[in-house]
Each structure stands twice: as structure tokens, then as C-alpha cells.
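Undergrad: The sequence isn't on hand, but the structure is:
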Ligand SMILES: Nc1nc2c([nH]c(=O)n2[C@H]2C[C@H](O)[C@@H](COP(=O)(O)OP(=O)(O)OP(=O)(O)O)O2)c(=O)[nH]1
């Protein structure tokens, strides 16, 4: 019995990191059965391995400021008892390590490549003391819903440059991004891409120059922690609220 753990940082949004991992599968021939799958956060598969062993392969996808951190665990149980079994386990372990390392390099490159075709959205949780700025969308499918100021990242643009540019265009202010708060999958079609492929990545930020004015939204509001839940948010944004609440209540 032994276990292996691998971590890979993928320059791709959560959804792309997850979907590409699923397409590529794993670098050994025996198929595994799915135990669970929570797109785009985790999956686990199990099945028979060589020499009457049982193999379980689980993956967890975590958003970070730099990209998606993919943690993989391969657990191998069973096999021959005694010293012979220990030797066989060592050989299999080395084979799996080599195969997984090559596989993960190819995977990271494929996911980064695929990410080029998926338009990303960035959002700013602009904080002033114990309040955060929310903006009411004007027109389109989310007309009247509230959101974080932000928008689509342009080709070749970094997430943070897009965040600063969008806040300047939408609110007429200069902002300084601070902490990465999280990433949520967007259900809809973004910029004509595949449905459900894009995500929004949100940072906390502060206004360093100017006073926010609604250039593109119907209205702006500074809200406190008690008002957060009652707002008619775009549904995709709700999973970010615990992180925003923490921002507003920290001493
Ligand atoms: N800005 C923003 N967009 C969000 C949020 N939640 C959410 O699902 N979205 C979706 C709505 C849109 O499909 C997409 C953002 O596109 P956008 O229309 O705001 O982008 P943009 O400012 O670049 O707009 P445009 O130049 O194409 O008009 O992300 C949010 O909190 N803020």
C-alpha cells in the first residue's frame, strides 16, 4: 500500500483546468470508475490496478491569484504481502511517479493553451472601511441585478490590468487591487464562447483616486455586511459573499 501526491499550478481558469483534466484522463491503461465529480472543484475515480491492487485517484482544483492549483492523490492498496510485495510496490510507485510527472507537464501546457480561447471576467470588491461597492447592471440578461464592477479581460491583458481598466471605465476611479478573493464559474455564454467555460476572478481593491460614478451601471451602492445577503445579486456571485463578509468584518 502506498500513496502519491502531486501539485501542479495551471495557468487556466478553474473550469478549463477541470475540463482539460477530464479529457486527458490518467497516464495508465486500466480504466477507473468515477466515485464523485463536483465540477469544477474535485473528482475521484477508483478501480483495479496491476496485481490485484485497488487504485484511487482524486483531484482537487483550487483557485489562486496565479491560476488553478491542482492537487492529485493516487492511493494504491492491496497487492502481494511480504518482501516480494514491497519490491513490487516500489517498482510500481516509481513507474507511476514517472508517468504522472510527464502527464502533468503535458496537462499544464494543454490547459494553458485551451485557456487562450476562453474569455475571462474579473471583478473588484471595492472596500471602504466596513462597506463594499455594489453596482446594478443595466440591460442584458442580468438587467437590474447587482454585481461587482469589472468585465472581460482583453487578449494579452493581465487580470489585474483588466480590473484597473474596467474600474476606470465603469466608475471613473483609479483602484489598487489587494487580495485575491476567489473565482466562480459563470453559467452563461461570455463573449460568444462555450456555455459555462468562463469564470469570474475577484480581488478586493481600494479606490486610490476619484469618487465612483455610475458610467455604465444603473446605480451604485456602498453596502455593509448586514445588507450583503439581501441584495439581488447575479446568482454566480453569491459563493463569493463569505470572502467579502470576512473583508468587511476583519478588525
Ligand atoms: N462585471 C461583472 N460581470 C459579472 C458578474 N457576475 C457575472 O456573472 N458576470 C458576468 C456578466 C457578463 O456575462 C460577464 C461580464 O461581462 P461585461 O459585459 O461586464 O464585460 P465588459 O465590461 O467587458 O462589457 P462589454 O465591453 O463587452 O460591454 O460576466 C459580476 O459580479 N461583475
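TA: Happy to help now that I have it. What you see is a predicted model; the values in this text were computed from it and never measured.
Undergrad: all strands of the stretch 51-200 of the chain, in order?
TA: For the stretch 51-200 of the chain, strands defined by DSSP state E, counting those that start in this stretch occupy the ranges 53-64, 67-78, 121-128, 131-136, 146-147, 150-152, 174-185, 199-209.
Undergrad: Would you mind identifying the next helix or strand past the last one?
TA: Same thing as strand 199-209. The helix or strand immediately downstream of strand 199-209 is strand 219-224, counting by DSSP states H and E.
Undergrad: which secondary structure elements does that following strand contact?
TA: Applying 3 or more CB pairs under 8 Å, 6 or more residues apart in numbering; DSSP states H and E, one finds that strand 219-224 contacts strand 131-136. Every C-beta, even on glycine, is put in place using the N, C-alpha and C of the backbone.
Undergrad: how about the strand it packs on: buried residues?
TA: Buried residues in strand 131-136, counted by 16 or more other CB atoms under 10 Å: 132, 133, 134, 135, 136.
Undergrad: Kindly report the same for stretch 107-125.
TA: In stretch 107-125, counting by 16+ other CB under 10 Å, buried: 107-108, 110-112, 114-115, 118-125.
Undergrad: ok, now stretch 73-92?
TA: Neighbour-count burial for stretch 73-92 flags 74, 75, 76, 79, 89, 92 (criterion: 16+ other CB under 10 Å).
Undergrad: repeat for stretch 231-245
TA: Neighbour count says stretch 231-245 has 231, 233, 234, 236, 237, 240, 241, 244 buried, by 16+ other CB under 10 Å.
Undergrad: Can you measure across that stretch, start residue to end residue?
TA: 13 Å (CA to CA, to the nearest Å).
Undergrad: With stretch 54-73 instead?
TA: First-to-last residue span, stretch 54-73, CA to CA: 14 Å.
Undergrad: Could I get the buried residue list for that stretch?
TA: Across stretch 54-73, burial judged by 16+ other CB under 10 Å covers 55-59, 61-63, 67-70, 72.
Undergrad: Go through these and say which is closest to the ligand.
TA: The nearest member of the buried residues of stretch 54-73 to the ligand, counting by CB to the nearest ligand atom, is residue 63 at 15.1 Å.
Undergrad: Please name the residues that touch that closest one.
TA: By CB atoms under 8 Å, 6 or more residues apart in numbering, the contact list for residue 63 reads 14, 69, 180, 182, 183, 199, 201.
Undergrad: so which of these are also by the ligand?
TA: Of the residues in these, proximity to the ligand by CB under 6 Å from any ligand atom holds for none.
Undergrad: got these as CSV, with pLDDT and distance to residue 29 columns?
TA: Below are those laid out as CSV (pLDDT from 0 to 100; distance: CB to CB, whole Å):
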residue, pLDDT, distance to residue 29
14, 97, 29
69, 98, 28
180, 98, 39
182, 98, 37
183, 98, 34
199, 97, 33
201, 98, 37
